[in-house]
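> Have a look; sequence and predicted model below, questions after that.
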Amino acid sequence: MTFAFALHVLVGLSPVLGFLAALVFLDSYKLVAMRTVVLVVLSGVVAAIACYFANGWLLGRLGIGFAGYARYVGPVVEEIAKGLVIVALIRAHRVGFLVDAAILGFAVGAGFAIVENLQYQRLVPDAGLATWIVRGFGTAVMHGGVTATFAMMSLAMIERAGRATPAAFVPGLALAIALHSAYNHLAAAPLVATLAVLVVLPLTMYVVFERSERAVGDWLGRGFDADTAMLASINSGRFADSPTGRYLDTLKRRFHGPVVADLLCYLRLHTELALRAKGVLLMRENGFDVPVDEATRDKFTELEYLEKSIGRTGLLALKPMLHMRHKDLWQLYMLGK
């Protein structure tokens, strides 16, 4: 390994990895575990390898030339490949706020950029340092930024719709493809493209992190009050007289007695775990790493058993009481891990 090769790889990869590390550091609530970040980076690596073969196959059959392909087809293929990782994470409730959407989206792009720049080094070993500065500070960071944009916009659309429908991902994907294509259109002016990335992306991330930090705090405050009131009502012995208790009583006409009892147990357990999750987030914000104890893990085991007992229909019946929006499901995943 020559010094020039090592320098090129360092310049080509360190900006995007450094930017990712900065995003993780700025996450005061520690919404994303380092293990998750590493796994998502590896997912981006897999996406890049898949695109290498897909791009080669399509380029040989479309007959539009490399420049045209890079501007119009490549961005579509690559953003879909990276976007599929984000779709899987969101649908599995691994993403709850714009902060973790930005981190995980950028992590996918970082993994993709690692493979792309290593491949570029193999194909163009004589490229000068200026080229690698553009590759590192421009192209690599662009990959992370556009995928982070897709993740954040998709999450915002899902929060507005209330569920993760396929249509919720379309606007973010279209924007990511457009940004990627616009960057590739500036291939003749690489310094301009790199400067645009370095100016726009940090400002965007700063605004996102500021707003998301406030959103997390507001959600925690409202959620604590609602969950505490719910749990107090269940434990007070006067739950049957509450609006939630009266609603649960109406379910007796639709479900057998044992199932109704399981519905109440599920409601109580879900609320207890939701409170525990919010407490963990607040402790993390203040610098304390709170491990999940065995009693909490036992509650998750019981929750899974109750989910099977009451079935999908029972969960749908409880939905008005649990406010099971995307953030609420995410917090349970976060606590379970």
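Now that the structure is in, tell me what you want to look at. Not measured: the values here are computed from a predicted model.

> Which parts of the stretch 1-150 of the chain are helices?
Applying DSSP state H, counting those that start in this stretch to the stretch 1-150 of the chain gives helices spanning 3-26, 34-62, 65-68, 74-91, 98-123, 129-134, 141-161.

> Looking at those helices, which is nearest to residue 215?
With CB to CB as the criterion, residue 215 lies closest to helix 98-123 of the helices of the stretch 1-150 of the chain, at 7.2 Å. Any C-beta I mention is one placed from the backbone N, CA and C, and that applies to glycine too.

> which strands and helices sit next to that closest one?
Helix 98-123 sits against helix 3-26, helix 34-62, helix 74-91, helix 141-161, helix 190-235, with contacts defined as 3 or more CB pairs under 8 Å, 6 or more residues apart in numbering; DSSP states H and E.

> rewinding a little: same list (the helices of the stretch 1-150 of the chain) but as TSV, adding mean pLDDT, mean neighbour count and distance to residue 180.
Converted to TSV, these look like this (pLDDT from 0 to 100; neighbours: other CB atoms under 10 Å; distance: least, CB to CB, whole Å):
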stretch	mean pLDDT	mean neighbour count	distance to residue 180
helix 3-26	81	17	15
helix 34-62	94	16	12
helix 65-68	90	11	15
helix 74-91	96	21	4
helix 98-123	90	24	10
helix 129-134	82	16	16
helix 141-161	90	24	5
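
> To residue 272, which of the ones you listed lies closest?
Within these, the stretch nearest residue 272 is helix 98-123; the backing value is 23.6 Å (CB to CB).

> What is the distance between that closest one and the centre of its chain?
On the basis of CA atoms, centre = their mean, to the nearest Å, helix 98-123 sits 14 Å off its chain's mean C-alpha point.

> Next, the angle from that helix to helix 34-62.
Using axes from the mean of the first three to the mean of the last three CA atoms, to 10 degrees, the direction of helix 98-123 lies 50 degrees away from that of helix 34-62.

> if we can go back for a sec, of all the helices of the stretch 1-150 of the chain, which lies closest to residue 200?
Across the helices of the stretch 1-150 of the chain, closest to residue 200 is helix 141-161 (CB to CB), at 8.0 Å.

> quick one, that closest one and helix 74-91 angle?
Using the same axes, to 10 degrees: helix 141-161 against helix 74-91 is 50 degrees.

> Other residues contacting the helix or strand just after helix 141-161?
Counting by DSSP states H and E, the next helix or strand C-terminal to helix 141-161 is helix 170-185. Residues outside helix 170-185 that contact it (CB atoms under 8 Å, 6 or more residues apart in numbering) are 70-72, 74-76, 78-80, 82-83, 138-139, 142, 145-147, 149-154, 157, 193, 196-197.
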